[in-house]
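[1] Need the 3D shape of this:
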Amino acid sequence: MSYVALYRKFRPRTFDQVKGQDHIVRTLKNQIKNQRIGHAYLFTGTRGTGKTSVAKILAKTVNCLNPQDGEPCDQCENCLAANQGNFMDIVEIDAASNTGVEDIRRVIEEIQYTPARGKYKVYIIDEVHMLSVNAFNAFLKTLEEPPEYVVFILATTEPHKLPQTILSRCQRYDFKRIDLDTIAGNLNDLLKAEGIEAEEKAVRYIARAGDGSMRDALSLMDRCVAFSLGEKITYENVLSILGTVDMEDFSALYRAISSFNIVDALKVIERTVDSGRDLTPFISDFIMYLRNLLILSVGGKSATELLGLSEENIRLLNEDVKTADSEVLMRYIRILSELLNQIRFSASKQILTEVALIKLARPQMETGMDALLDRIRFLEENGVQQKAAAPAAKPEAKAYRNPDIIDIAQDDYEYEEPVSFDVPGFYDAPIEGPNETEPKEEIEEEEAPLPGQQSFNPNQNGGNALSVLGRWPEILEACDDRRIKTFLSKAQTGCEGDSFVIYVSGDIAYKQLKDPAVMENLKKLIADVSGIQVSLDVRHESAKPEIPDQQDLSSLFKNINMNIEMEEM
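    Prediction:
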């Protein structure tokens, strides 16, 4: 006899052999024992959870000559014929290939004949959601009132595609995903029956890879048995066969990303690609690893039983969770989930994966709240701690380094006179000269403009106009005219005396904002938000004064005998 796949060889033949669906088995057995058999059943659930198997057992049991406590005897001629698939009163129909109304009409004609050998004529219609609309309509009356000797069992993975008129005529049973322990226990039982040795760690990994499907787990086990034929199935062989990665690699990748070490993270990807493994399941498994970390970080040690992992893997997770932050982990999962959708049909999986890892390790590349929290963590670990360690030390100019730039040595940043508006303390530097003893006028700090918007302020003595400039983000947010708001978001703002100036890019935007009615509405909007009446002027960006570059500013300060003391963070 030719070889039979494990999921076919070990298909359950009685209700007691069905795993993980106790709620359904108990209900069906009670119906059979009390002769309360329905005329139409609907079995729904994900793949490999036992829908077709239970349907066959039900069909066999209702026709068994000697049923025992709701179970088929599995020895009478009807049971033996059903096991061999040649019992005439059990008809299996694949709705995926019999979708038309003519196929349903043929069924309607056949049910007029009484069963040939059994008590019931049972029709098992698999993938019933594939039937056409006309076929469903033709099936309605027969499904509602079939002959008393007919039982319909409909099976589908997508019940939402069935009309409500069909759903309301059936007893619905939802098959749930089978838990990890149940799948692993069933795999151990069949390996023992086959005389095959396997590591418990390998068996549980195959069970987890089945993702709640007993059939998928048995198919994976079939591959592993073929690979290790005559030998013990090991965890390393399972990883090699399934093209997956050891948990330690995921731990190393997470530690590299969380410590902002891009080079080590990319090395993990390079090793994975060189070993011939597909990056799609690698990313999917890494997301699951981050999910486990997230559960531990939120639920603590009490959540360990939810993970269903070995003690060794739990130990790795407990080490990594010490440095884990739930907000950061959710950001990682979000980015990698987006990556998973991108690389499924991409020819550049490695490049897209490397870009995503760089984005994970460089939170400054994003503007979201979760990325902002990660940036704060980066500053706390790499900026604040270093300053606290040596508060009195004042680094030289050539030691200045931007921590956001990578793969460049510190010595490459040497320059003689660093003049930059980004250097902290530039505007707070003491000014020496004739006016040194005069009190300094305190200027209210401006609020930062919206992202992508620039503010130009050639006159810092603007008074009311300067106050409006500081409130500009609020004013822009309060604008309810979408077209005007779009023009203003791309414009630049500034002060000139007591006038608030808007520099507009583009002729169309300039003409629109220059309209007297629009300017009047803008003045009213500014007054409502800031409480200030201000003179408003709209100009084309070509009329904007040029800002001197840093070198010109340095020369200007030297000409007026101003000494600038610059301090570096």
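[2] which SS state does residue 494 fall under?
    Assigned by DSSP: H, G, I helix; E, B strand; the rest coil, the conformation of residue 494 is strand.
[3] now it: how far from residue 510?
    Relative to residue 510, residue 494 is positioned 15 Å away (criterion: CB to CB, to the nearest Å). From N, CA and C alone the C-beta is placed, and that goes for glycine too.
[4] The two: who's more crowded?
    Neighbour tally, residue 494 and residue 510, criterion other CB atoms under 10 Å: the higher count belongs to residue 494, 23 against 19.
[5] looking at the sheet around the more buried one, what are its partners?
    According to DSSP bridges, the partner residues bridging residue 494 are residue 501.
[6] Surely it and residue 468 touch.
    No - shown here, residue 494 and residue 468 do not form a contact pair, counting by CB atoms under 8 Å, at 10.7 Å.
[7] tell me, what's touching these two both at once?
    With contacts defined as CB atoms under 8 Å, 6 or more residues apart in numbering, the residues shared by residue 494 and residue 468 are residue 500.
[8] Please identify which helix or strand holds residue 151.
    Secondary structure assignment for residue 151, by DSSP states H and E: strand 150-156.
[9] What is that strand packed up against?
    strand 40-45, helix 51-62, strand 121-126 (3 or more CB pairs under 8 Å, 6 or more residues apart in numbering; DSSP states H and E).
[10] strand partners of the first one, parallel vs antiparallel please.
    This points to strand 40-45. Paired with strand 40-45 in the same sheet, following DSSP bridges, are strand 150-156 (parallel), strand 171-175 (parallel).
[11] do the last one as well
    Looking at strand 121-126 with DSSP bridges, its partner strands are strand 90-94 (parallel), strand 150-156 (parallel).
[12] quick one: what helix or strand has residue 12 in it?
    Element membership for residue 12 (DSSP H and E) is empty, with no helix or strand holding it.
[13] Could you find the closest non-adjacent residue to it?
    The spatially closest residue to residue 12, leaving aside those adjacent along the chain, is residue 18, at 4.9 Å (CB to CB, 6 or more residues apart in numbering).
[14] and residue 134, how far is that from residue 48?
    Note on residue 134: its distance to residue 48, by CB to CB, is 31 Å.
[15] Can you tell me the number of residues neighbouring residue 241?
    For residue 241, the neighbour count with other CB under 10 Å is 17.
[16] other SSEs contacting the helix or strand containing residue 248?
    Here residue 248 is covered by helix 247-258, with elements defined by DSSP H and E. Contacts of helix 247-258 with other secondary structure elements, assessed using 3+ CB pairs under 8 Å, 6+ apart, are made with helix 262-274, helix 279-299, helix 311-320, helix 349-361.
[17] closest to residue 67 out of those?
    Between residue 67 and the helices and strands packed on helix 247-258, the shortest gap by CB to CB is with helix 279-299, which sits at 43.7 Å.
[18] Measure how far the closest one is from the centre of its chain, please.
    Distance, stretch centre to chain centre, for helix 279-299: 10 Å (CA atoms, centre = their mean, to the nearest Å).
[19] show me the contacts for residue 507.
    Contact partners of residue 507, counting by CB under 8 Å, 6+ apart, are residue 540.
[20] about what we covered before: who has more neighbours, residue 134 and residue 48?
    Set side by side, residue 134 and residue 48 give different neighbour counts by other CB under 10 Å, the larger being at residue 48 (24 against 13).
[21] wait, residue 48 sits on residue 220?
    No - shown here, residue 48 and residue 220 do not form a contact pair, counting by CB under 8 Å, at 11.0 Å.
[22] so what's in contact with these two at the same time?
    What both residue 48 and residue 220 touch, as defined by CB under 8 Å, 6+ apart, is the set residue 210.
[23] Which residue, other than its chain neighbours, is closest to residue 25?
    Across the structure, with CB to CB, 6+ apart as the measure, the residue nearest residue 25 apart from its sequence neighbours is residue 15 (4.6 Å).
[24] Could you tell me how many residues sit around that neighbour?
    The local packing of residue 15 (other CB under 10 Å) involves 22 other residues.
[25] repeat for the one 3 residues further on
    As a burial measure, the neighbour count of residue 18 was computed by other CB under 10 Å and equals 20.
[26] Contacts only, for it.
    Taking CB under 8 Å, 6+ apart as the definition of contact, the neighbours of residue 18 are 12, 24-25, 50, 53-54, 57.
[27] Okay, it and residue 65: tell me how far apart.
    Residue 18 sits at a distance of 22 Å from residue 65 (criterion: CB to CB).
[28] was I right about residue 238 contacting residue 202?
    Yes - applying CB under 8 Å, one finds residue 238 in contact with residue 202, separated by 4.6 Å.
[29] pLDDT below threshold where in the stretch 1-150 of the chain?
    Confidence mapping of the stretch 1-150 of the chain against pLDDT under 70 gives the ranges 1.
[30] can you map out the helices along it?
    6-9, 22-33, 51-62, 77-84, 101-110, 133-144 (DSSP state H, counting those that start in this stretch).
[31] would you turn those helices into a markdown table with distance to residue 292?
    Converted to a markdown table, the helices of the stretch 1-150 of the chain look like this (distance: least, CB to CB, whole Å):
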| stretch | distance to residue 292 |
| --- | --- |
| helix 6-9 | 28 |
| helix 22-33 | 27 |
| helix 51-62 | 30 |
| helix 77-84 | 42 |
| helix 101-110 | 47 |
| helix 133-144 | 43 |
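[32] if we can go back for a sec, select, out of the helices and strands packed on strand 150-156, the one closest to residue 32.
    Short answer: helix 51-62, nearest of the helices and strands packed on strand 150-156 by CB to CB, at 5.6 Å.
[33] Contacts for that closest one next, please.
    By CB under 8 Å, 6+ apart, the residues outside helix 51-62 that reach it are 11-15, 18, 21, 24-25, 28, 32, 37, 41, 43-45, 67, 70-72, 78-79, 82-83, 87, 90, 118-120, 122, 124, 126, 151, 153, 155, 175.
[34] Taking their axis directions, it and strand 90-94 sit at what angle?
    Regarding helix 51-62 and strand 90-94, their directions subtend 160 degrees when assessed with axes from the mean of the first three to the mean of the last three CA atoms, to 10 degrees.
[35] how about the CA coordinates for helix 51-62, as PDB?
    Presented in PDB, the C-alpha positions along helix 51-62 are these (Å, rounded to 0.1, in the frame of the first residue of the first chain):
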ATOM      1  CA  LYS A  51     -14.900  20.400  10.800                       C
ATOM      2  CA  THR A  52     -14.900  17.700   8.100                       C
ATOM      3  CA  SER A  53     -13.700  15.000  10.500                       C
ATOM      4  CA  VAL A  54     -16.600  15.700  12.900                       C
ATOM      5  CA  ALA A  55     -19.000  15.900  10.000                       C
ATOM      6  CA  LYS A  56     -17.900  12.400   8.800                       C
ATOM      7  CA  ILE A  57     -18.200  11.000  12.400                       C
ATOM      8  CA  LEU A  58     -21.700  12.400  12.800                       C
ATOM      9  CA  ALA A  59     -22.800  11.000   9.500                       C
ATOM     10  CA  LYS A  60     -21.300   7.600  10.400                       C
ATOM     11  CA  THR A  61     -22.900   7.600  13.900                       C
ATOM     12  CA  VAL A  62     -26.400   8.400  12.800                       C
END
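[36] Could you list the buried residues of stretch 92-112?
    Of the residues in stretch 92-112, those scored as buried under the neighbour-count criterion (16 or more other CB atoms under 10 Å) are 92-93, 95, 98-99, 101, 103-104, 107, 111.
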